[in-house]
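Colleague: Got a predicted model here, sequence first, then my questions.
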Amino acid sequence: MNGEYMSKIKRYIGFILILIVVTFVGCSQISNGGKDETNPKSGKDKTIYITSDLHYLSDKLIDDGKAYLDFANSKDGKQLKYMDEILDAFAYDIKKTKPDILIVSGDLTCNGEKQSHIDLAEKFKNIEKSGTSVYVIPGNHDIINPWARSFKDDKQYKAEYVDEKDFSNIYSDFGYSEAISKDTGSLSYLAAPSDEVWLLMLDTNIYKNNLDLGMPQTDGILAKHTLDWIKECSDLAKEKGATIITVMHHNILNHSEVIQEGFTLNNNDQTRIILRENQLYLVFSGHIHIQDISSDQKEVNPLYDIASNALSVFPHQYGILKYSDQDLSFDYSTKKVDVERWAKKEKKKDENLLNFSTYSEDYFGKLAYDKTYNSLLENSDYSIDEISAMAKTIQILNTRYFAGVENENLKDVVNSEGYNLLINMPNSFRQSYAKSILSDKDIDDNYLHIKISKNDSVVE
């Protein structure tokens, strides 16, 4: 993906608060890894938390100077200034509820800074001390990222980034040293945290050309050798009677009618065929930052791709997957990080933290409103009142879209002046975007129940 394409993307969808966000020769490696070879959590129900797109930036790389504040307020929707607190509040939620597993599906760091990876690994280490096993994969921001920066006063400085070896070493305790199988041509691995449920963690990123491009490549792909290795993993799981959950950063299915390129895998059709052939029907992804569940419903046994809301972006929610060993089923739901409870416990004085839900929603909504308002003001002949009405509609739609509740209370949107103005605009991205949000009516994006049948298929 070249610079001209990225500029085009920014030009046409800048008002949306979505972060826009090769082949190797290799073979698989099978080992007897695992966090505990005896699998003490086997033979019972499992609770798995899933999150994505933390975009964590170490406080060792920043100050309160102009350069950092300008960067943190660059209007892409992320709460960079409060990411440390959000993660600490999330860790507090985990320690209180004690899930068996935490999965993080990529974009762990802001721009792949080595210090950010090191500090984040310490946070994961503390989570594991409370009894929850952590498993991670990289996202397109995490490896060989030439955008890695530190900030001091009014200047940005190049920061040290990590390569593939650094990444697997830093996160050795969070998947890589415990893998029972590894794809030697990528950072993909298979983990067996219990006898019943295994994790197929797929590295879908393309980072070999980042330095030449001068930027992290956004799109993703799975090479042929990785697709062949997936079948080996599936065969091994079937032999052991385990069910596989597949995790990747990029999306295997489209989650938007208008935002697909750079988000959905370049070879998603080929990959979907491989997953279906191996009865791998449950996929978790991230990258697009919205909460959305897609499926190929026309198939007898649908494949589900659950895209997690970015933890760094409103409404800062995570997925909860409960596995029932008795009836071989999964129940998925979502929950917001309880920043307020953590802030009160820690006796924080910052009013934004003590009222974080309201603060974050207002912050996120205002960004959508301001971007739409300013863009229309510069490039349209609408009146101020009409521009304000359209900006308010985009604010409402965007806030609900990211939370996966865009189909709730539809009347207040479709009957509004702003919505009618938007959908009757001359062909534009704003018109397509507004329509696409309300056209997604197929699945409840915050809840899913699936049952595993005896022939390994998955049915709703």
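Modeller: Cool, got the structure.

Colleague: all contacts plus neighbour counts: C-alpha atoms, from now on.
Modeller: Will do.

Colleague: what sits against the residue nearest the centre of the chain?
Modeller: In the chain, the centroid-proximal residue (Cα atoms, centre = their mean) is G286; its distance is 2.6 Å. Applying Cα atoms under 8 Å, 6 or more residues apart in numbering to G286 gives the contacts 52-53, 105-106, 248-251, 307-310.

Colleague: and what of E128?
Modeller: For E128, the contact set (Cα under 8 Å, 6+ apart) comprises V134.

Colleague: Swap in 10 Å and give it another go.
Modeller: 91, 94-95, 100-102, 122, 134, 173-174 (Cα atoms under 10 Å, 6 or more residues apart in numbering).

Colleague: what do you get for A310?
Modeller: A310 is in contact with 18-19, 51-55, 78, 105, 107, 286-291, 316-318, 402-403, counting by Cα under 10 Å, 6+ apart.

Colleague: F402 too?
Modeller: Shown in contact with F402 (Cα under 10 Å, 6+ apart): 17-18, 288-292, 308-310, 313-317.

Colleague: Just name the closest of those to M390, please.
Modeller: For these, the residue nearest M390 by Cα to Cα is L17; the value is 15.7 Å.

Colleague: What pLDDT is listed against that closest one?
Modeller: L17 carries a pLDDT score of 35 in this model.

Colleague: Then D327?
Modeller: If you check D327, the pLDDT there is 87.

Colleague: And it, how close does it get to H449?
Modeller: For D327, the distance to H449 equals 12 Å [Cα to Cα, to the nearest Å].

Colleague: and if you look at Y171?
Modeller: 31 Å.

Colleague: Which one of those two is surrounded by more residues?
Modeller: Relative neighbour count places Y171 above the other of Y171 and H449, with 23 against 14, counting by other Cα atoms under 10 Å.

Colleague: Looks like that one contacts A121 (just checking).
Modeller: Yes. Y171 is within contact range of A121, at 6.4 Å (criterion: Cα atoms under 10 Å).

Colleague: which residues do those two both contact?
Modeller: Common neighbours of Y171 and A121 (criterion: Cα under 10 Å, 6+ apart): V134.

Colleague: S177: neighbouring residues, count only.
Modeller: Count around S177 with other Cα under 10 Å applied: 18.

Colleague: That one - that's part of a helix, no?
Modeller: No. Secondary structure assignment (DSSP: H, G, I helix; E, B strand; the rest coil) places S177 in coil, not in a helix.

Colleague: Tell me the spacing between it and Y161.
Modeller: 21 Å.

Colleague: wait, what's in contact with K231?
Modeller: So K231 contacts 237, 274-275, 277-280 (Cα under 10 Å, 6+ apart).

Colleague: buried subset of the contacts of E128?
Modeller: With burial judged by 16 or more other Cα atoms under 10 Å, the buried subset of the contacts of E128 is 91, 94-95, 100-102, 134, 173-174.

Colleague: Could you point out which of the residues you listed is nearest to K224?
Modeller: Distance ranking of the buried ones among the contacts of E128 against K224, using Cα to Cα, places F174 first at 25.8 Å.

Colleague: next one: phi and psi at the closest one?
Modeller: Torsion angles at F174 (phi, psi; degrees, to the nearest 10) stand at phi -120, psi 50.

Colleague: How about the one 4 residues further on?
Modeller: E178 adopts backbone torsions of phi -100, psi 0, taken as degrees, to the nearest 10.

Colleague: Count the neighbours of it for me.
Modeller: Neighbours of E178 under the rule other Cα under 10 Å: 22.

Colleague: now the lengthiest helix in the chain: mean pLDDT?
Modeller: Counting by DSSP state H, the longest helix found in the chain is helix 356-379. Per-residue pLDDT over helix 356-379 has a mean of 94.
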